[in-house]
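Chemist: Have a look; sequence and predicted model below, questions after that.
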Amino acid sequence: MRNKLLFALKCSLPLFIGGMVLNSCKDDSPVSGFKEEEGEYVYDYDRYEDGMSAEEFLANYQGIPFKKDQEGNSLLIISGEPATVEAEDFDDGGEGVSFHFQNAGYGGYDYREEKGVAVSKSGDVVNIGNVSSDDWLCYTLQVTEAGAYSIDTYCVTANGKISFYFEIDGRAAGQIVEAPEDDWNVFTHSVKVTDVQLSEGKHVLKWFTTGGINLDKFVITRTGEYTGEQIGNSLFTYPRYGTYEHNPLFVDFKSEMYNTPFVGTLYTADPSAHVWDDGRLYVYASHDMEPPVGCDRMDRYHVFSTTDMKNWTDHGEIMNSATVKAQTGLGIDGFMWAPDCVYNKEEQLYYLYFPHMIDEATWRIFVATSREPAAKFRVKGVIEGIPSTIDPCVFVDDDGQPYIYTSGAGQGCWGGKLRKDDWTTLDGTMTPLKGFTDFHEAPWMHKYKGKYYLSHSDNHASTQGGNQMQYSVSDNPLGPFTPCGVYMYPQGEETAHGSIVEYNGKWYSFYHTSNHSGRGGLRSVCVDPIEYDLKGNLKVVKNWGRPYGNRAVEIGLNKQSIIQAENYNMGGQHTAYYKNPKTGTRMDVKTENGIGFLSSMKGGEWVRYTFNVSEAGRYGITFRVRQKRNGGKFRVAVNGVYKTNDIVLNGGVNTWIESYVYPVELQEGEQYIDIRIKSGDLDIDWIRFGEGASLIPGIIQAEDYDDGGYSFKQGEFGNFKSYRKDKGVAISASDGVVHISNTSVGDWLQYTFTTQGGAFEIRVRASAERDGIFSLSFDDGKPLSNVAVSTGDWTTYQEFIGAKVNLTPGKHTMKIHIVNPLNLDSFEFR
């Protein structure tokens, strides 16, 4: 049975139950607005404990050993000698029984009849490939000698920080560890877990992963005597304290992981910051659970506070989905997203508002109250009349009138009043609000010099660098609003959610990033100062550091400008650069033959450089890089917005090459460039800026048409308007592809390029549900033959041979003519 934390509404002694310290209870009876329930307060802390013993697990397990004798006993014998268990020898039984695997369609090596797991072969190594977060595999073992065992796992990842762990008979075993990082086909590395207790007899080993790993084998070795000790539930005592002098916050605190007693990093998101009458600044945050499945497993809230923006108190967990169900009978597991909290001075009550799903299709806004800002919240129920939306923000105006805002689920932004005498009930109805640019979700209201500022995230997807934070201003809490632009650039993570608050005479912007984990489902709260200009406009939050030597390199079209890679921005980890803490938190600068360079930049890491553009235009940028192993990729962003797709390094290993990118559109003034490593192990020598051109042979991206070189009827469409200044063509980003969308019959686009001459085949990567047609022309000549495009849907791209041409050395133009609508990704000249 699950354990529940129970305490009376009135008591005199602090309680220590299940690892939590509960302060002395205070009278939490209401002043007005609702009726208090009778009885004990229930907090369900051990929400993941199913109570099943190892014996019950084995009795219920339906998997069958893949390698077995005639009696059906496993041939995976574990004894005093090291034993090897090949990853591909997982048990039979099928999906959800002996394995869970999401990419079953991959692999291709015909090793066994079961095709639900991607069995691959890399050279002579048969392995499990195409593994995803939350996949697991089971292996039935026959132990002939009880003992403490170690497990060496031979595996590899090229995706940065990816961890995995084991269970034995449904119980956590050993430790949680990170996979070695290298090329996907290198299986010479292993990582060890220790003190896995195995008694004599049958056991089921279950391997869980939090991300992409190629898995070769396990070597199980007896290291000591059997003690039978097991890993207990994760217990934490609150309050606890931490000092944070730079972003991200709270990552040194430990947290329970999802459905396992292992302890991991405390990942927090969606910060709602408030200053209460006790003089402290409080942050109410949602909690990303590891391993993540999108945001589905977010199932609790934490509260943090500070008096100096440096020393923080974690007051602990104040609400979770199990407790909501225990107190109200409503809700499902997980799905507790961005919260907010306000204080009712007349009632002397704190109101916690949070979104939670009551079934698989419906969100409701719940309300809980407490006499304390960071403990003992009791759920009152849901607010009737609010549509199925998320991200509640509650703003109390100077006259005491509360307003509530919600968003998300494609519903836009909604706003309405709450009753002054009952903050759990609407005063009237919620209405859609107007006056925003590209509104997505995450509304936050604050007031400055009599004006109402509603900030929100926009629809910038991860393929564009992630959501930006924008804001609109009004003279009324419910609008209409006037859009005022971006105040925070993308942070490389798809979602953005923030709050703006004044504390001790300074204004701060709270937000989240995924820098610490490198994974969008595991985010961390950050904070930076924010300022207003003399007209009351929010200035862009400068969270990318300062230029090296406090002087930005000057960039112009009429000259070649070089930034040495080791001269990255000042500001440190998480601001000017990011390095995986596993390999150290400082940049590795080395010198060879008198040349200084950045060494060993790996997947998930990034570095920033500030420069000053004297002339706006389309620049060519060259990166001098080398890769220490194959598979290197990086991506370039300007002011957080991606300007390239993945740049694949096709050169050899340990050889310096120059990787050229054109065009990268730069506006006049100071800005910064991100180099984000997607995979591999890269050294970077320098970055060169100057006038450029599309060079053939090579690839021209469809979105890089000539300035003004088009005729396009539906240019108002497209979801990636920030890609370039020219807004006359519909540029979109979906499913990882930046492309031209919303084409019409008669549209055309022109591309200028330079070549040394020769015969070329032009391959056009395009999509169309059916009946798309295009033709190409060169140097203002007549269109060539029509080419039909039908790929079954608008997001499935294929290559089509558009033309075969002979070109003289020099500059040329190419036009693509839209005969029937299609989507365009790129043109490759071979």
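Modeler: Received, thanks.

Chemist: so who does the nearest residue to residue 489 once chain neighbours are set aside touch?
Modeler: On the basis of C-beta to C-beta, 6 or more residues apart in numbering, the spatially nearest residue to residue 489 that is not a chain neighbour turns out to be residue 640, at 3.5 Å. Just so you know, the C-beta spots here come from the backbone N, C-alpha and C atoms, and that holds for glycine as well. With C-beta atoms under 8 Å, 6 or more residues apart in numbering as the criterion, the residues that contact residue 640 are 465, 466, 468, 489, 490, 491, 492, 674.

Chemist: redo that, cut-off 7 Å
Modeler: 465, 489, 490, 491, 674 (C-beta atoms under 7 Å, 6 or more residues apart in numbering).

Chemist: try residue 707
Modeler: When the contact criterion is C-beta under 7 Å, 6+ apart, the partners of residue 707 are residue 726.

Chemist: all helices of the stretch 301-450 of the chain, in order?
Modeler: Assigned helices in the stretch 301-450 of the chain, in chain order: 321-328 (criterion: DSSP state H, counting those that start in this stretch).

Chemist: what residue ranges in it are flagged as low confidence?
Modeler: Where the stretch 301-450 of the chain drops to pLDDT under 70, the residues are 409-410.

Chemist: rerun at 50
Modeler: By pLDDT under 50, the stretch 301-450 of the chain contains no weakly predicted segment.

Chemist: Same check on the chain?
Modeler: Using pLDDT under 50, the chain drops low at 1-38.

Chemist: Quick check: can you list the domain ranges of it?
Modeler: The record's domain split for the chain, according to automatic domain parsing, is 60-224, 250-529, 558-692, 698-829.

Chemist: Find the nearest non-adjacent residue to residue 159, please.
Modeler: Using C-beta to C-beta, 6+ apart, the nearest residue to residue 159 is residue 212, at 4.6 Å.

Chemist: so who does the one you found touch?
Modeler: 131, 132, 157, 159, 162.

Chemist: could those residues be laid out in CSV, adding secondary structure and neighbour count?
Modeler: Shown next, in CSV, are these (DSSP: H, G, I helix; E, B strand; the rest coil; neighbours: other C-beta atoms under 10 Å):
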residue, secondary structure, neighbour count
131, coil, 29
132, coil, 16
157, strand, 25
159, coil, 19
162, coil, 25
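
Chemist: for stretch 393-413, which positions count as buried?
Modeler: Of the residues in stretch 393-413, those with enough neighbours to count as buried (16 or more other C-beta atoms under 10 Å) are 393-396, 402-408, 411-413.

Chemist: next one: stretch 272-287
Modeler: Buried residues in stretch 272-287, counted by 16+ other C-beta under 10 Å: 272, 273, 274, 280, 281, 282, 283, 284, 285, 286, 287.

Chemist: could you dump that stretch to CSV, C-alpha only?
Modeler: This file holds the C-alpha atoms of stretch 272-287, laid out as CSV (Å, rounded to 0.1, in the frame of the first residue of the first chain):
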residue,chain,number,x,y,z
SER,A,272,6.2,31.9,-10.7
ALA,A,273,8.0,34.5,-8.5
HIS,A,274,6.4,36.5,-5.8
VAL,A,275,7.4,38.7,-2.9
TRP,A,276,5.3,38.2,0.3
ASP,A,277,5.0,40.3,3.4
ASP,A,278,7.7,38.5,5.2
GLY,A,279,10.2,40.2,2.9
ARG,A,280,11.3,37.0,1.1
LEU,A,281,11.0,36.3,-2.6
TYR,A,282,9.3,33.0,-3.3
VAL,A,283,9.5,30.8,-6.5
TYR,A,284,6.7,28.3,-7.1
ALA,A,285,8.0,25.8,-9.7
SER,A,286,6.8,22.7,-11.5
HIS,A,287,9.0,19.6,-11.4
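
Chemist: thinking again about what came up before, between the buried residues of stretch 393-413, which sits nearest residue 509?
Modeler: Nearest to residue 509 among the buried residues of stretch 393-413, counting by C-beta to C-beta, is residue 393 at 14.8 Å.

Chemist: so that closest one bridges to which residues?
Modeler: Taking DSSP bridges as the rule, residue 393 bridges to residue 405.

Chemist: returning to what we had before: want to throw the buried residues of stretch 393-413 into JSON lines with distance to residue 351?
Modeler: Formatted as JSON lines, the buried residues of stretch 393-413 follow (distance: C-beta to C-beta, whole Å):
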{"residue": "393", "distance to residue 351": "12"}
{"residue": "394", "distance to residue 351": "7"}
{"residue": "395", "distance to residue 351": "12"}
{"residue": "396", "distance to residue 351": "10"}
{"residue": "402", "distance to residue 351": "8"}
{"residue": "403", "distance to residue 351": "13"}
{"residue": "404", "distance to residue 351": "10"}
{"residue": "405", "distance to residue 351": "15"}
{"residue": "406", "distance to residue 351": "15"}
{"residue": "407", "distance to residue 351": "19"}
{"residue": "408", "distance to residue 351": "20"}
{"residue": "411", "distance to residue 351": "23"}
{"residue": "412", "distance to residue 351": "24"}
{"residue": "413", "distance to residue 351": "21"}
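
Chemist: Closest to residue 152 out of these?
Modeler: Using C-beta to C-beta, the buried residues of stretch 393-413 come closest to residue 152 at residue 408, 45.3 Å.

Chemist: Name all residues that make contact with the closest residue to residue 162 other than its chain neighbours.
Modeler: Excluding the flanking residues, the one nearest residue 162 by C-beta to C-beta, 6+ apart is residue 211, at 3.7 Å. By C-beta under 7 Å, 6+ apart, the contact set of residue 211 is 133, 157, 159, 162, 519.

Chemist: Would you tell me which one of those comes nearest to residue 538?
Modeler: residue 519 (29.4 Å).

Chemist: Give me the neighbour count for residue 415.
Modeler: 22 (other C-beta atoms under 10 Å).

Chemist: In the sheet, which residues pair with it? Tell me.
Modeler: residue 405, residue 431.

Chemist: and residue 141, what element?
Modeler: Assigned by DSSP states H and E, residue 141 belongs to strand 136-143.

Chemist: Partner strands of that strand and their direction?
Modeler: strand 77-78 (parallel), strand 99-100 (antiparallel), strand 201-209 (antiparallel).

Chemist: hey, where'd the strands end up in the stretch 451-600 of the chain?
Modeler: 451-458, 469-474, 482-488, 499-503, 506-513, 524-529, 553-555, 561-564, 577-578, 589-592, 595-602 (DSSP state E, counting those that start in this stretch).

Chemist: how about the strands in the stretch 301-450 of the chain?
Modeler: Along the stretch 301-450 of the chain, the segments classed as strands by DSSP E, counting those that start in this stretch run 311-320, 340-344, 349-357, 363-370, 378-382, 390-396, 402-407, 414-419, 422-426, 431-432, 439-448.
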